[in-house]
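Trainee: Build me a structure from this.
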Amino acid sequence: MTKHQFSYLALGDSYTIGESVPLHESYPYQTVQILRKAGLHFNAPEVVAKTGWASNELAEHILHTKLLEQYDFATLLIGVNNQYRGFPAE
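Mentor: Here you go, the predicted structure:
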């Protein structure tokens, strides 16, 4: 009997990728490490994030990125650059 391997998509900006920290210390990888310790089977996270991105830049990049049709889990951690640039909260 095989155990389901969960997929995880992490979307965002520098907070997602963990600017200036080793890959294994980034939010997505720490999350997967915690879940694996809890006995869940996760593939490595797929990360679509870049330092400096605002939400519109992430959305535009996603339109041109080949992603899986479905993920078991996804997180979205973005917005500080929207605020910094004075974008409205809406």
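Trainee: residue ranges with poor pLDDT in this protein?
Mentor: Low-confidence segments of the chain (pLDDT under 70): 1-2.
Trainee: Strands of that one, start to end?
Mentor: 8-12, 46-49, 73-77 (DSSP state E).
Trainee: Please report the distance of the residue lying closest to residue 3 once chain neighbours are set aside from residue 8.
Mentor: When the adjacent residues along the chain are set aside, residue 3 lies closest to residue 41, with 4.8 Å between them (Cβ to Cβ, 6 or more residues apart in numbering). The way it works is simple: take the backbone N, C-alpha and C, and place the C-beta from them, glycine included. The gap separating residue 41 from residue 8 is 11 Å, by Cβ to Cβ, to the nearest Å.
Trainee: neighbour-wise, which of these two wins?
Mentor: residue 8 (19 against 11; other Cβ atoms under 10 Å).
Trainee: coming back round to it: in CSV: the strands of the chain, plus distance to residue 34.
Mentor: CSV is the format used below for these (distance: least, Cβ to Cβ, whole Å):
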stretch, distance to residue 34
strand 8-12, 12
strand 46-49, 16
strand 73-77, 13
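Trainee: from those strands, which stretch is densest packed?
Mentor: strand 8-12 (a mean of 21; mean count of other Cβ atoms under 10 Å).
Trainee: Give me the contacts around that strand.
Mentor: 16, 27-28, 31-32, 42-43, 45-49, 53, 58, 62, 67-68, 71-78 (Cβ atoms under 8 Å, 6 or more residues apart in numbering).
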